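>>> I would like the atomic coordinates for the input below:
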Amino acid sequence: MTEDIWSRPFRFLIEYIKENRMETKRRKRKKNKIRRGVLTGLCILIGVLFVSGISLIAAWLLLGYLGRVQIAAKQNMVPEDMGQAFTADTEGEETLRTGELRYQGKTYAYKSDIMTFLFMGIDKTGEVEASEDLYEGGQADALFLAVLDPGEEKISIIGINRDTMTEISVYDRNGLYAGTQTAQIALAHAYGDGMEESCENTVNAVSQLFYGLPIHGYCALNMEVVTLLNDAVGGVDVVIPESAAGADMEIDGERYKTEWKTGQQVHLMGNDAYTFIRYRDTQEPQSAEARLERQKTYLQAFIQQAVSAIGQDITLPITLYQAVTPYMVTDITAQEAVHIVGEAVSYSFSGEDLHTLQGEVRMGETFEEFYPDETALYELILQVFYEKVPENGN
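This is a model prediction of the structure:
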């Protein structure tokens, strides 16, 4: 049968678009490999120079300076939709500057020097690799915003329920943009090949959920990497909540069942750490919320243990990086990583700086759906990312 002559231009156009997207993906993957190579080289350089204090400090300071310059270039944006979210308070609006807004009679200014990074735990095992199926990029079962505040010299972390309903961009099986839909935010990562496009789609979804919040970098890790990180710092102590008692899940094709009891203190090693943060009984209501609470508990304990371990072995960050590289997709450069670490080590962090979204869990047609409390979310953003502007000298 002869092809309809009128369909040829459209077929050629679709093929051109697909080929163009494939070339873009190849360039991104090559760029990601180069970035990993640079970071690996940095690790080797620091290891070699470790025996020479002056050289190590000079190299570290130089990279940190370059990283600060790179991040500063990204810090020229403010949350796009915060000023329009609550429009009832217009008093003094004509005097507002860029990045300022009025809320409940007070003026707030966005902290322009703040650094915000999105960390994603992906429900995949093994080393990262591009999926041939553009609907199989993997879901983001763990989502955390890490916020470094130079002004207050502290770190804040915001956990996001993977079932949070928000607007995400969707694509067809050819990778062509098909519009937006309201769905669980974890699905944003699934639309893509599991590499940069999946991460960028998730970044956009989180930014939109947070009223256009600028996100300065991302890091996605296949979730089983927690086993490597956990054991590298010597294990983590946690108290077993009811949601994890007797956890039973499949790991690498084998059943893995614990004998944990509610209230028991356990030193997590190996697969225990992965089970603790990953296990979820989907037959139980609000299981995603319960798992997020466990992830918060684990994260706080891990940070404390990691700081202690690094105090005993200053080369541990190199070991950690080398361990996670095969399981990671990131757009954070080597220079930026050095700057971030250099800042973070001197910042404070406590349980009060670990936040989750308030809201309501409802049962959808098939899966649970989490609807955030918009007012509470707005006020959390003000608390973490904004500061009050003194009025009349007060």
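
>>> for the longest strand along the chain, give me every contacting residue.
If you go by DSSP state E, the chain has its longest strand at strand 140-149. Contacts of strand 140-149 from elsewhere in the structure, counted by Cβ atoms under 8 Å, 6 or more residues apart in numbering, are 111, 114-123, 155-160, 162, 185-186, 188-189, 202, 206, 210, 215, 220, 223, 277-278, 291-292, 295, 299, 340, 343-344, 347, 384-385. (C-beta placed from N, C-alpha, C; glycine too.)

>>> mind listing the residues bridging to the spatially most central residue of the chain?
Geometric centre of the chain, nearest residue: residue 119, 1.9 Å, by Cα atoms, centre = their mean. Going by DSSP bridges, residue 119 is paired in beta bridges with residue 144, residue 219.

>>> show me the shaky parts of the stretch 151-300 of the chain.
Residues of the stretch 151-300 of the chain meeting the criterion pLDDT under 70: 251-253.

>>> the helices in it, which residues?
196-209, 225-232, 271-278, 287-312 (DSSP state H, counting those that start in this stretch).

>>> pLDDT (mean, whole number) over stretch 338-350?
For stretch 338-350, the per-residue pLDDT values average out at 77.

>>> gap between it and the chain center?
If you compare the mean C-alpha spot of stretch 338-350 with that of the full chain, they lie 17 Å apart, counting by Cα atoms, centre = their mean, to the nearest Å.

>>> among the contacts of strand 140-149, name the buried ones.
By neighbour count, with 16 or more other Cβ atoms under 10 Å, the contacts of strand 140-149 hold 111, 114-123, 155-160, 162, 185-186, 188-189, 202, 206, 210, 215, 220, 223, 277-278, 291-292, 295, 299, 340, 343-344, 384-385 as buried.

>>> got a list of what the nearest residue to residue 110 once chain neighbours are set aside touches?
Across the structure, with Cβ to Cβ, 6 or more residues apart in numbering as the measure, the residue nearest residue 110 apart from its sequence neighbours is residue 99 (3.9 Å). Counting by Cβ under 8 Å, 6+ apart, residue 99 makes contact with 78, 109, 110, 112.

>>> could you dump those residues to TSV with neighbour count and secondary structure?
Listed next are the contacts of residue 99 as TSV, based on neighbours: other Cβ atoms under 10 Å; DSSP: H, G, I helix; E, B strand; the rest coil:
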residue	neighbour count	secondary structure
78	20	coil
109	16	strand
110	21	strand
112	14	coil
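
>>> between all of those, which two are at the greatest distance?
Greatest spacing in the contacts of residue 99, by Cβ to Cβ: 78 and 109 (9.2 Å).

>>> still on that earlier bit, any idea which of the contacts of residue 99 is closest to residue 242?
residue 110 (39.8 Å).

>>> mind checking how far the closest one is from residue 288?
Using Cβ to Cβ, to the nearest Å, we find residue 110 at a distance of 30 Å from residue 288.

>>> same question for residue 352.
When distances are taken as Cβ to Cβ, residue 352 and residue 288 turn out to be 24 Å apart.

>>> related to what we said a few turns ago, now render the helices of the stretch 151-300 of the chain as TSV, adding distance to residue 128.
Written out in TSV, the entries for the helices of the stretch 151-300 of the chain read as follows (distance: least, Cβ to Cβ, whole Å):
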stretch	distance to residue 128
helix 196-209	10
helix 225-232	10
helix 271-278	17
helix 287-312	20
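
>>> closest one to residue 377 among those?
If you check each of the helices of the stretch 151-300 of the chain against residue 377 by Cβ to Cβ, helix 196-209 wins as the nearest, at 7.9 Å.

>>> run the angle between the longest strand of the chain and helix 287-312 for me.
Here strand 140-149 runs at an angle of 50 degrees relative to helix 287-312 (axes from the mean of the first three to the mean of the last three Cα atoms, to 10 degrees).

>>> buried residues, strand 140-149. List them.
Buried residues in strand 140-149, defined by neighbour count with 16+ other Cβ under 10 Å: 140, 141, 142, 143, 144, 145, 146, 147, 148, 149.

>>> looking at those residues, which is nearest residue 230?
Ranking the buried residues of strand 140-149 by separation from residue 230, with Cβ to Cβ as the measure, puts residue 142 on top at 14.2 Å.

>>> from residue 280, how far off is the closest one?
Separation of residue 142 from residue 280 (Cβ to Cβ): 11 Å.

>>> tally of neighbours for the residue lying closest to residue 82 once chain neighbours are set aside?
Spatial nearest neighbour of residue 82, excluding adjacent residues (Cβ to Cβ, 6+ apart): residue 211 at 4.6 Å. Other residues within reach of residue 211, judged by other Cβ atoms under 10 Å, total 18.

>>> what comes into contact with the strand or helix carrying residue 116?
Per DSSP states H and E, residue 116 falls inside strand 115-122. Outside strand 115-122, the residues that touch it by Cβ under 8 Å, 6+ apart are 71, 75, 138-148, 150, 189, 194, 199, 202-203, 206, 213-223, 226, 277, 295, 332, 340, 343, 385.

>>> picking up where we left off before, CSV please, covering the contacts of residue 99 and showing distance to residue 84.
What follows is these, written out as CSV (distance: Cβ to Cβ, whole Å):
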residue, distance to residue 84
78, 12
109, 17
110, 14
112, 19
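
>>> what is the nearest of those residues to residue 246?
Distances from these to residue 246 were compared by Cβ to Cβ; the smallest belongs to residue 110, at 46.0 Å.

>>> the closest one contacts residue 388, doesn't it?
No: using Cβ atoms under 8 Å as the test, residue 110 is too far from residue 388 to be in contact (11.9 Å).

>>> tell me who's in contact with residue 374.
Counting by Cβ under 8 Å, 6+ apart, the residues that residue 374 touches are residue 85.

>>> distance of it relative to residue 209?
Between residue 374 and residue 209 the distance, using Cβ to Cβ, works out to 10 Å.

>>> check residue 182 too.
Distance check for residue 182 against residue 209: by Cβ to Cβ, it reads 11 Å.

>>> now for those two: what residues contact both?
What both residue 182 and residue 209 touch, as defined by Cβ under 8 Å, 6+ apart, is the set residue 166.

>>> among those two, which residue is more densely surrounded?
Taking other Cβ under 10 Å, residue 182 and residue 209 do not tie; residue 209 has more neighbours (21 against 9).
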